[in-house]
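**Student:** the following comprises the amino acid sequence and a computationally predicted model.
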Amino acid sequence: MLIQSNMVFPVWLSQLSSLKKKRMEELWDQHERMEDAQAFYLEHHVVERVNSIPLDQLLRRHGLSSLDLLQIDVEGYDYEILKALDFDQIRPLFINYERVLLADTEEECRQMLVGQGYVLMDWGQDTLAILVDESGSAAPR
C-alpha cells in the first residue's frame, strides 16, 4: 500500500506509466473510479525524456549478430518499434509484443509479421511471433 497523509492507495499506482497521455486518461475513465488515486497520480507523475538508439546499433555496440527473443512492451508503440526493424539485417526467432494497445494498427502489424515469415499466437494481452521455415517448423539458427 502507498500511504499519502491519511489516504491509502494500491501499490500498482506507483507503477503506472505510458508514453501516451490519452492512454492514461482512458485507464482512469474506463477502469479506475478512484478520484483520490487519480488526483495523487496527476500530482506526482513525472514526464522524463530518455535517449534511445535503433536496435541494429544496440546489437552492434554489444557485438551481437543475431537475436533469439525480442520482447516489446511500449504502451501502444509496439508496432512503431516493429516497423523500424530491418528484417534483412536482424530476424529474431521470437518476438513477443503487447497487442492490446495497438488499436487500429493491430491488423497491419499482424500482416507485416506474417509477411516476414512469422506465425502468430495470441496469449493474454500479448502476441508471440514465431519465425518459421517453408515447412512451417520453427526456423533453426
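**Tutor:** Great, that's in hand.
**Student:** now L85: how far from Q38?
**Tutor:** From L85 across to Q38, the span is 36 Å (CB to CB, to the nearest Å). Using the backbone N, CA and C atoms, a C-beta is placed for each residue, glycine as well.
**Student:** quick one: average pLDDT of the helix or strand that contains E106?
**Tutor:** E106 belongs to helix 106-115 when assigned by DSSP states H and E. Mean per-residue pLDDT for helix 106-115: 97.
**Student:** got the contact list for the most centrally placed residue in the chain?
**Tutor:** The residue lying closest to the centre of the chain (CA atoms, centre = their mean) is D73, at 1.8 Å. By CB atoms under 8 Å, 6 or more residues apart in numbering, the residues touching D73 are 97-98, 126.
**Student:** among the residues you listed, which are in strands?
**Tutor:** Secondary structure from DSSP state E places 97-98, 126 of those in strands.
**Student:** could you check the pLDDT of the residue nearest to the centre of the chain?
**Tutor:** With respect to pLDDT, D73 has a value of 88.
**Student:** that one and V100: what is the separation?
**Tutor:** For D73, the distance to V100 (CB to CB) stands at 11 Å.
**Student:** any idea how far L82 lies from V47?
**Tutor:** Going from L82 to V47 by CB to CB gives 25 Å.
**Student:** between the two, which has more neighbouring residues?
**Tutor:** L82 (20 against 5; other CB atoms under 10 Å).
**Student:** how about the more buried one: what's its closest non-neighbour residue?
**Tutor:** C109 (6.2 Å; CB to CB, 6 or more residues apart in numbering).
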